[in-house]
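> Whatever this is, show me its structure:
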Amino acid sequence: MATIEVSIEINAPIDKVWDIVSDIDNEPKFWRGTKEVRNISKEGNRVSREITIAFRDQKCMQEVKMSPKEKIETEFTKGIIDGTKTISLSFKDEKTVLRTIWNIKLTGLMGMFTGMIANHIKSGTEQALQNIKKEVER
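From the prediction side, this is the model:
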């Protein structure tokens, strides 16, 4: 299992940052590793969806739980990725801290490449948080 943690400070209130990150249908705009999102069902603060990731156009199933203005917890339930991605927001010194923590591994025989892919995911996460920061601060 690889753990990846990336955070960024954004010069904006939590409400404004939440408006961007909670629009999970718009994820491919900021996260280059996500090519496409297809929602299966939505019930309250939970969404079941299928995403297509950039890695060999693989499809993954996810269960997403939204805790408004606090965090978005995503569990990979089927596909090449096993584990979780949690996006959390906190307020510190007049800024919003946006943090993403991945706890993941590749499934099956691809498991041996988890470490290599983890570096790619960390880079993609850093870029995504920068993209979100730019969008929020403009």
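> going forward, measure contacts and count neighbours with C-alpha atoms only.
OK.
> neighbours of residue 23, just the number please.
9 (other CA atoms under 10 Å).
> give the contact list for the spatially most central residue of the chain.
Centre of the chain computed as the mean C-alpha position; nearest residue by CA atoms, centre = their mean is residue 85, 5.6 Å away. Counting by CA atoms under 8 Å, 6 or more residues apart in numbering, residue 85 touches 73, 74, 75, 100, 101, 102, 103, 104.
> Need phi/psi at the closest residue to the fourth one other than its chain neighbours.
Spatial nearest neighbour of residue 100, chain neighbours left out: residue 87 (4.4 Å); criterion: CA to CA, 6 or more residues apart in numbering. Note on residue 87: its backbone torsions stand at phi -110, psi 120 [degrees, to the nearest 10].
> residues contacting residue 87?
With contact set as CA under 8 Å, 6+ apart, residue 87 has these partners: 71, 72, 73, 98, 99, 100, 101.
> didn't residue 64 look like it was pressed against residue 75?
Yes: with contact defined as CA atoms under 8 Å, residue 64 and residue 75 form a contacting pair (6.4 Å).
> picking up where we left off before, partner residues bridging the residue nearest to the centre of the chain?
residue 74, residue 102 (DSSP bridges).
> now do residue 65
As for beta bridges, residue 65 partners with residue 46, residue 73 under DSSP bridges.
> Read off the pLDDT value for it.
pLDDT recorded at residue 65 is 98.
> so it makes contact with residue 43?
No: counting by CA under 8 Å, residue 65 stays clear of residue 43, with 9.9 Å between them.
> ok, residue 12 - contacts?
Contacts of residue 12 by CA under 8 Å, 6+ apart are 94, 95, 96, 136, 137.
> which phi and psi does the first one have?
To tie it back to what came earlier, the one meant is residue 94. Main-chain dihedrals, residue 94, degrees, to the nearest 10: phi 70, psi 10.
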